[in-house]
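Sequence and predicted structure are below.
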Amino acid sequence: MKLTKQKLYNLIQEVMDSHLKCFEALEDYAKPEQSYFGAGIQQIMEHGSKMYKAFDGHTLDSLWLTNNIGPRLGSGYSREVYAIGDSNMVLKMAYPIELKEGVASNRYEVDSFNKFPTVFPRSYVYDKSPNGPEWLVIEKVHVVESGPEYAEVIDNTFPSLGRAAKLLVREGYKSVDPAWVFERILDIYSEEEQGDYDLWMDLIFHHRRGKSVDEETRKKVADATWFIATHDEKLMRFITICKNLNVHFDEIREGNVGTNEEKNKLVLIDISKFDFLNKEPVQGVYEEYPVNTDSYDHSTKNIETDPDYANVRPGVWRKK
């Protein structure tokens with residue numbers, strides 16, 4: 001091919017424009033960010049999607065990502081996840097062929113993760129290109145894969161559910177653990193905005209796992225376990241935030257949730273698996289819910305009927 005002066009000029013201009021865009025993209029990130037996340041992430045920050053996309057632009061360059069970021073940990077419908085070296089962080093990448101869905105999931109996670117640390121892992125840095133984010137870096141969490149591990153995490157995260165499960169077992173209910181109680185609580189709150197005492201009483205009283213227990217005991221156990229669960233402020237905060245974010249409670253289960261090294265934190269790990277990407281959050285959802293820290297003598301007073309206290313959400317009251 002004959003390289004004319006005009007073609008040479010166009011080629012030089014194209015290269016200069018490309019470098020200019022790289023520098024413009026780099027200015028979107030603070031200098032500490034560029035080095036903190038490792039050489040691979042720094043290259044993505046500097047040079048954009050051409051680093052991690054295959055030549056045709058329709059697929060991810062898995063070899064480059066594996067060699068420069070870390071091992072591939074898994075994938076979903078619209079994204080892949082890679083470990084970032086031996087750090088406590090991971091990289092989530094949108095599939096080019098499912099870019100719209102992947103970017104939508106990434107954007108929601110960028111917007112939500114740090115606003116709700118009791119429900120989601122922490123997010124660190126993300127793609128700031130106009131049509132992104134195609135990628136983001138978040139806190140690495142351990143995916144809870146089995147039923148027994150799920151029950152352990154539930155018990156450690158919400159000790160009240162462990163107490164409720166022990167009470168049910170002690171009084172004759174069969175095959176009950178903290179995860180089972182958690183799932184029944186979610187069932188109730190998925191039906192009613194503020195939960196429903198009567199639904200809970202009916203569910204526990206008639207459940208086949210307590211068929212050998214006498215009626216009076218079933219009533220007492222149902223009432224006691226409702227009180228235990230709904231007076232756990234941490235649990236009620238988790239449920240309220242998920243409810244207001246339109247999380248589909250059926251998807252809160254092993255495989256879709258993660259935990260930390262201590263296994264005492266339950267987090268939703270993949271927004272795309274939940275049923276709220278195309279819904280508007282309830283108004284005010286972006287405000288964290290305060291915790292009632294006032295001491296209250298439940299032995300001599302009933303907070304549910306006390307005129308000096310207002311019920312601000314299930315199981316939580318605040319002094320007027």
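Received it, and whenever you're ready, just let me know what you need.

what ranges do the strands span in this structure?
When secondary structure is read from DSSP state E, the chain shows strands at 72-75, 79-83, 89-94, 123-126, 135-139, 142-143, 257-259, 267-268, 309-313, 316-319.

Now do the residue nearest to residue 143 when sequence neighbours are not counted against residue 138, distance only.
Spatial nearest neighbour of residue 143, excluding adjacent residues (CB to CB, 6 or more residues apart in numbering): residue 258 at 5.2 Å. Where you see a C-beta, it was placed from the backbone N, CA and C, and this is true even at glycine. Applying CB to CB, to the nearest Å, one obtains 10 Å for the distance of residue 258 from residue 138.

what's the answer for residue 259, then?
Taken as CB to CB, the span from residue 259 to residue 138 is 14 Å.

Then residue 98?
As defined by CB to CB, residue 98 lies at a distance of 19 Å from residue 138.

which stretches of the stretch 101-250 of the chain have low pLDDT?
For the stretch 101-250 of the chain, the stretches flagged by pLDDT under 70 are 193.

Could you find the closest non-adjacent residue to residue 110?
Leaving out its chain neighbours, residue 110 is closest to residue 126 (CB to CB, 6+ apart), at 5.0 Å.

quick one: terminal-to-terminal distance for stretch 184-204?
9 Å (CA to CA, to the nearest Å).

Give me the buried positions along it.
Neighbour counts using 16 or more other CB atoms under 10 Å place 184, 185, 186, 188, 189, 190, 195, 196, 200, 201, 203, 204 of stretch 184-204 among the buried residues.

As JSON lines, the residues you listed with distance to residue 171 would be great.
As requested, those are arranged in JSON lines below (distance: CB to CB, whole Å):
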{"residue": "184", "distance to residue 171": "15"}
{"residue": "185", "distance to residue 171": "18"}
{"residue": "186", "distance to residue 171": "22"}
{"residue": "188", "distance to residue 171": "20"}
{"residue": "189", "distance to residue 171": "24"}
{"residue": "190", "distance to residue 171": "26"}
{"residue": "195", "distance to residue 171": "22"}
{"residue": "196", "distance to residue 171": "22"}
{"residue": "200", "distance to residue 171": "16"}
{"residue": "201", "distance to residue 171": "15"}
{"residue": "203", "distance to residue 171": "16"}
{"residue": "204", "distance to residue 171": "11"}
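
quick one on the thing from earlier: state the number of residues packed around the residue nearest to residue 143.
Neighbourhood size, residue 258 [other CB atoms under 10 Å]: 21.

and stretch 68-81, how far apart are its ends?
End-to-end distance of stretch 68-81 (CA to CA): 14 Å.

List the residues that contact the residue nearest to residue 39 when sequence neighbours are not counted.
Nearest-residue entry for residue 39: residue 68, 6.9 Å, with adjacent residues in sequence omitted and distances by CB to CB, 6+ apart. Shown here is residue 68, whose contacts under the criterion CB atoms under 8 Å, 6 or more residues apart in numbering are 39, 40, 43, 51.
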